[in-house]
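Participant: dropping the sequence and predicted coords here.
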Amino acid sequence: MAVRVGTDLIEIDRIARALARPGFRDRCFTKAEQAYCETRCNPAESYAARFCGKEAVGKALGCGVRFTWKEIEIVGPPKPGVTISGKTARFAEKVGMRDIDVSLTHSHTMAGAACVVELEP
């Protein structure tokens, strides 16, 4: 069994500023992700963690940030999971992805994520 790991870290204030820009929310997050984040006390924390999750998935798959943001959807609660679609799903199939797991975290100032992708031997 082969695995790849991806991580990401970002300042929550950076995402909060991006959320104030027209179009950022709709360009980077699915309607389901937005619906979840908007229910939180500090939506920017959850948006930042999901943003990191998407970046970590791209890194673990080996495509970096060459994906369409909404093609990697962070699902959950209770536990975060990942749904991949479109060209990102085709890329994941091409590299032999069998399973994917993601973990999200945030403090008052930072958000982070780690992703592990299991590949076909």
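Facilitator: Thanks, I have it.

Participant: how near is the most centrally placed residue in the chain to residue 40?
Facilitator: Geometric centre of the chain, nearest residue: residue 54, 2.1 Å, by Cα atoms, centre = their mean. With distances taken as Cβ to Cβ, to the nearest Å, residue 54 is found 17 Å from residue 40. For every residue, glycine as well, the C-beta is placed using N, CA and C.

Participant: helices of this structure, start to end?
Facilitator: Remark: helices assigned in the chain by DSSP state H are 12-19, 24-28, 31-37, 43-61, 86-94.

Participant: distance from the chain centre to the longest one, please.
Facilitator: On the basis of Cα atoms, centre = their mean, to the nearest Å, helix 43-61 is displaced by 3 Å from the centre of the chain it belongs to.

Participant: what pLDDT, on average, does it get?
Facilitator: Regarding helix 43-61, the rounded mean pLDDT is 97.

Participant: same check, this time on the second one
Facilitator: Averaged across helix 24-28, pLDDT comes to 96.
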